[in-house]
Every structure is written in C-alpha cells, then in structure tokens.
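J.: Give me the fold of what follows.
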Amino acid sequence: MPMSLVENVGRRTNDVLASFGDFFVFAGQAFRWLATTFFTKKTWRLLLPQMFDVGVRSVGVIAITGAFIGMVMAIESFNQFKAIGQEERMGSIINLSVVKQIGPVLAAVMLAGRIGGALTAELGTMNVTEQLDALRVMGADPIRYL
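T.: Alright, predicted model coming up:
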C-alpha cells in the first residue's frame, strides 16, 4: 500500500514537471518567433492596417452600444433611486457600472462579432476567388501567410 502511494505521488510530480517543460518549450518558441519575425519591417507593414481595421474602425460601434446600454440602465434604475431619494447619484453609479463592469464585456462581444464576421467573410472571398489556391501554387503556406 505505501509503495503505491509513493508511485502515485511520483507519477503526478512527473506529469506536472512534464507540463511545465511543455509550457517552457512553447514559450521559447513564441519568444523566438517574436525575436525573428514579429519585429521585422514586413510584419509591421502588414500588421498596422489590420490593427487599424480591428481597433479604430470598431470604436463607433462600441460607443453606440455603450450609450444605449447606459440609457437603458438609467431608465430601468430611475424608480429604484427615486424610492430611496438618491436620484442625484444615479449618473455616477451608472457611469461606473457601464465603464468598469459592463463596458469591457460588451466591447469584447462586439469586437468578437464584428471582427470574426469580417475576417470570415474575407477568408471566404479569398477562397471563392481562388487566392488561397494561388498561394499554395506559389509555395506559400496560406495558414502561415495569413
């Protein structure tokens, strides 16, 4: 019985150490990619337009969504604040709740939906117009290139 306990602890320790090893191999590969590929001029020339499309063009959608959520919260909570005589505090509390709590979640959902849909449509168009096949014919890996 005690030997199986020692074997069990040893097996679990070995599994944990193997997991750490796998993680550090992955981290090393990621840092090597950053050092050799990410900081090149070509990468930034391709990355900056994508960052603009993803970030800057999404600000309007997120701002409108946040404004409407704030309005709905104000309408729904006004009677509750009025019942306790704290109508003057309603704006600051709704501002804090929208900016700190609901805002980041809504922004993430809106970005995921908007960007996911746009990228899926772009890849679908590239597939229909045989651009992905052209990359394969030229010897480029479409997954790595895109």
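J.: so what does the strand or helix carrying Ile115 touch, helix or strand wise?
T.: Using DSSP states H and E, Ile115 falls within helix 103-128. On a contact count with 3 or more CB pairs under 8 Å, 6 or more residues apart in numbering; DSSP states H and E, helix 103-128 meets helix 41-54, helix 59-83. Using the backbone N, CA and C atoms, a C-beta is placed for each residue, glycine as well.
J.: For the ones you listed, which has the smallest mean pLDDT value?
T.: Per-stretch mean pLDDT for the helices and strands packed on helix 103-128 is lowest at helix 41-54 (a mean of 84).
J.: got the buried residues for that helix?
T.: Within helix 41-54, no residue counts as buried by 16 or more other CB atoms under 10 Å.
J.: now that helix against helix 103-128, angle please.
T.: 120 degrees (axes from the mean of the first three to the mean of the last three CA atoms, to 10 degrees).
J.: what distance separates helix 41-54 from the centre of its chain?
T.: 17 Å (CA atoms, centre = their mean, to the nearest Å).
J.: which residues does Trp96 contact?
T.: Quick fix: residue 96 reads Leu, not Trp. Counting by CB atoms under 8 Å, 6 or more residues apart in numbering, Leu96 makes contact with nothing.
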